[in-house]
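**Q** model the following, please.
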Amino acid sequence: QVRLAESGGTLVQAGDSLRLSCEASGGTLSSYAVGWFRQVPGKSREYVALISGNGDTTYYSASVEGRFSVSRDGAKNAAYLQMNNLKPEDTATYYCAASWLWTVDANNYDHWGQGTQVTVSS
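**A** Residues are numbered from 1 along each chain as shown. The predicted structure is shown next:
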């Protein structure tokens, strides 16, 4: 059973950059597609980015494409979300998740981290 732990969230100013990490234990993260999601109170969890198990394929939501970049490191059993030119509307709790499927549907992800808070001030 793979376990995920996000880190790197903090308070930043608009225009700043931030990198989130997703470290896996108890399993091999490269066996899974990894999705990054975010959620604000009162709203449903929103898909942000997706990376395939071997890291060759990525996919981004329209709201972050061109600003965010997802990557992974098999040796470190981890995945990352590089966020550039952050905007106040990027403020949310960010989660990484692992799935056997290539999907943007959060319901198809079986393994989730606890989340890390990103706050972007204007």
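**Q** measure the spatially most central residue of the chain to Asn85 for me?
**A** Note on the chain: the residue nearest the mean C-alpha position is Trp36, at 2.6 Å, using CA atoms, centre = their mean. Distance, Trp36 to Asn85, by CB to CB, to the nearest Å: 17 Å. Placement of C-beta: from N, CA and C, glycine included.
**Q** again, but for Thr91
**A** For Thr91, the distance to Asn85 - CB to CB - is 14 Å.
**Q** ok, the two, which is more surrounded?
**A** Remark: of Thr91 and Asn85, Thr91 carries more neighbours, 17 against 13, as counted by other CB atoms under 10 Å.
**Q** got a list of what the more buried one touches?
**A** 40, 118-120 (CB atoms under 8 Å, 6 or more residues apart in numbering).
**Q** check Gly53 too.
**A** When the contact criterion is CB under 8 Å, 6+ apart, the partners of Gly53 are 30-33.
**Q** a markdown table for those residues, including secondary structure, neighbour count and distance to Glu46?
**A** Shown next, in a markdown table, are those (DSSP: H, G, I helix; E, B strand; the rest coil; neighbours: other CB atoms under 10 Å; distance: CB to CB, whole Å):
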| residue | secondary structure | neighbour count | distance to Glu46 |
| --- | --- | --- | --- |
| Ser30 | helix | 18 | 25 |
| Ser31 | helix | 11 | 25 |
| Tyr32 | coil | 24 | 20 |
| Ala33 | strand | 23 | 17 |
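**Q** thank you, goodbye.
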